[in-house]
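Engineer: The following block contains a protein sequence and its predicted model.
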Amino acid sequence: MTIQILQCNMKQTRKMILLANFLAIAIVLNLIESAIALSPVPGAKLGFANVITLIILYVYSFRDSTALTLLRVILVGLLSGRLLGPTFYMSLSGAAAAIIAMGILKKTNFFGILGVSVVGSIFHVFGQIGAGIFVIGSTAIIYWMPLMLLLSIPAGVITGLIGKRFVSVWDTWHNKIEN
């Protein structure tokens, strides 16, 4: 009985440490990406931090992925000095829309990790645009939507491919640790 409790505590501690490390990686990726302008759309990024969201969704759970993503958005907002500003709310709304869509789609087990990633990327745009209209107070942001959607598809594919590769490596690594 005592050994089982210790093993359970070790697994929980290992999971907590791994999630904390993934959160740190996601924050760093987000901050680096924010400093690099790769798109004609103001503030648009490839979303490499979303690779972590996708990985956690597949190797742990929707709940863990949601918590990690929301913490990342809040901490990046705090670290970048944008907490509670328009870009924070747009990022938060985009992340929330993406994680909800990805969680629902993953449950269907129809598209696989690549499809889930692309749909998440598309819903991220919808969340950002919705929040942008609200916080900026103008519908003019809708004019960016076609370009943002066009850019979101390859970004979702890239994120999905990286996530898929990582999950396959994770499965091998995790099986070795558990056995």
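Structural biologist: Everything's here; your move. Residues are numbered from 1 along each chain as shown.
Engineer: Was I right to think Ser152 contacts Val125?
Structural biologist: Yes - using Cβ atoms under 8 Å, Ser152 and Val125 qualify as a contacting pair, with a distance of 5.0 Å. No exception for glycine: its C-beta is placed from N, CA and C like everyone else's.
Engineer: Now do Val59 against Leu46, distance only.
Structural biologist: Distance, Val59 to Leu46, by Cβ to Cβ, to the nearest Å: 21 Å.
Engineer: Asp171 too?
Structural biologist: Taking Cβ to Cβ, one finds Asp171 at 25 Å from Leu46.
Engineer: Leu23 now?
Structural biologist: For Leu23 relative to Leu46 (Cβ to Cβ), the value is 19 Å.
Engineer: Quick check: which ranges of this protein have low pLDDT?
Structural biologist: Residues of the chain that meet the criterion pLDDT under 70 lie in 1-8, 37-44, 174-179.
Engineer: Do you have the helices of it handy? List them.
Structural biologist: Remark: helices assigned in the chain by DSSP state H are 2-35, 49-59, 62-80, 86-108, 112-136, 145-178.
Engineer: Show me what the third one is packed against.
Structural biologist: So that's helix 62-80. Helix 62-80 makes packing contacts with helix 2-35, helix 49-59, helix 86-108 when contacts are defined by 3 or more Cβ pairs under 8 Å, 6 or more residues apart in numbering; DSSP states H and E.
Engineer: got the buried residues for that helix?
Structural biologist: 62, 64-69, 72-77, 80 (16 or more other Cβ atoms under 10 Å).
Engineer: Please dump those into JSON lines; it should also carry distance to Ile100 for every row.
Structural biologist: Shown next, in JSON lines, are the buried residues of helix 62-80 (distance: Cβ to Cβ, whole Å):
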{"residue": "Phe62", "distance to Ile100": "9"}
{"residue": "Asp64", "distance to Ile100": "15"}
{"residue": "Ser65", "distance to Ile100": "11"}
{"residue": "Thr66", "distance to Ile100": "8"}
{"residue": "Ala67", "distance to Ile100": "13"}
{"residue": "Leu68", "distance to Ile100": "14"}
{"residue": "Thr69", "distance to Ile100": "10"}
{"residue": "Arg72", "distance to Ile100": "16"}
{"residue": "Val73", "distance to Ile100": "14"}
{"residue": "Ile74", "distance to Ile100": "17"}
{"residue": "Leu75", "distance to Ile100": "20"}
{"residue": "Val76", "distance to Ile100": "20"}
{"residue": "Gly77", "distance to Ile100": "20"}
{"residue": "Ser80", "distance to Ile100": "24"}
